[in-house]
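*Asks:* Based on what follows, work out the 3D shape:
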Amino acid sequence: RFDGFRYISRRVTGAPTTNPPLLVLGGSSQDRLSWVRHEPHLLDHSDVITADLPGYGTADRLPARYGIDFLAAAVRHLLDELDLPRVDLVGACFGGAIAVRVAQHYPGHLGRLLLVGMTDRVPDDYAACAHRWRRMMADGERDAVADELVTRFLAAPSAGTVRRQTAVARFLHRQFVAQNDDEVAKWSEHNLRLTSHEWFRPEPLPSLPTLVVTGEHDNLTPPDHGRSVAARFPAARFTTIREADHLAPVERVAEFADLVNRFRTDTPLDELPYATPLEDATTPTPRP
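*Replies:* Take a look at the predicted model:
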């Protein structure tokens, strides 16, 4: 329990190595079991830890007034509870926003940081959609919201080849429609939290090895957004996963896991058949 809210972690024991455990923070539609298919590819290098933080999965509901700072503090609490002085951290989408705040507030707990499907700002049109979806859900338009979510999160067929896109779209739609009342309430609070708290705060970022990744056809957090995130770190690099969109870790499980393993073990990331050439980050143009 953290500050009165119950949350849950899952730790799977991997091969004994000198690597710190790997902690994965998933997106808003993922829970601690969403990474089970990745685990066989990751466990040769360390333990793998996933979590339902307060407000997500089967953890306690978290009112929207609690923002990303609170969730980052919950991650620190989790590491203390598991007696883990340091982890390598993967943050996907909303989990990426939490991961960045962990890096800003608790950098001593991190060895390496990998962000996937991450942006340094929530687009105005997406914020407007989030508010509209909450109203539609209150009116019982669950199927219509599911249709819009699939369209928003997945690339259009005209964008290019995306592996397993039809199957992922079908799963995403079915998963959303099948939510129970508790899950719908948490989803609604999440969207309010997403639009009422600072997503990416311009605080100092640590000089730790950082890799920012997205699908080459990601239309929710496009590659230029990922480049902008990478440019804010003192020691970050950027690449995209070929034939994938915002849900690259789901569409290309083995390839994404291989990228994580290579990054964690200092294995070269050049000339990978599933990734575009690695880019060194440069300072972004300041925005108002």
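
*Asks:* switch to C-alpha atoms for all contacts and neighbour counts from now on
*Replies:* Noted.

*Asks:* residue ranges of the strands in the stretch 1-150 of the chain, please?
*Replies:* 8-12, 22-25, 48-52, 87-92, 110-116 (DSSP state E, counting those that start in this stretch).

*Asks:* and among the ones you listed, the most buried is which?
*Replies:* Ranked by average neighbour count under the criterion mean count of other C-alpha atoms under 10 Å, the strands of the stretch 1-150 of the chain are headed by strand 22-25 at a mean of 26.

*Asks:* average pLDDT for that one?
*Replies:* Regarding strand 22-25, the rounded mean pLDDT is 98.

*Asks:* swap in stretch 63-73?
*Replies:* pLDDT averaged over stretch 63-73 equals 98, rounded to a whole number.

*Asks:* got the buried residues for that stretch?
*Replies:* Taking 16 or more other C-alpha atoms under 10 Å as the neighbour-count basis, stretch 63-73 is seen to contain the buried residues 63, 64, 66, 67, 68, 69, 70, 71, 72, 73.

*Asks:* can you check stretch 258-271 too?
*Replies:* Neighbour counts using 16+ other C-alpha under 10 Å place 258, 259, 260, 261, 263, 264 of stretch 258-271 among the buried residues.

*Asks:* contact partners of that stretch?
*Replies:* Residues from elsewhere that reach stretch 258-271, judged by C-alpha atoms under 8 Å, 6 or more residues apart in numbering: 41, 42, 45, 88, 112, 114, 211, 277, 278.

*Asks:* tally of neighbours for the second one?
*Replies:* A count of nearby residues for residue 42, using other C-alpha atoms under 10 Å, gives 19.

*Asks:* If we only consider the contacts of stretch 258-271, which is nearest to residue 226?
*Replies:* Nearest to residue 226 among these: residue 211, at 9.8 Å, using C-alpha to C-alpha.

*Asks:* Residues in a beta bridge with that closest one, which ones?
*Replies:* Note on residue 211: beta-bridge partners by DSSP bridges are residue 114, residue 237.

*Asks:* And the pLDDT at it?
*Replies:* With respect to pLDDT, residue 211 has a value of 98.

*Asks:* Tell me which residues touch it, please.
*Replies:* By C-alpha under 8 Å, 6+ apart, the residues touching residue 211 are 113, 114, 115, 230, 236, 237, 238, 239, 263.

*Asks:* One more: residue 89?
*Replies:* With contact taken as C-alpha under 8 Å, 6+ apart, residue 89 is in contact with 22, 23, 24, 25, 99, 110, 111, 112, 113, 114.

*Asks:* That'll do, ta.
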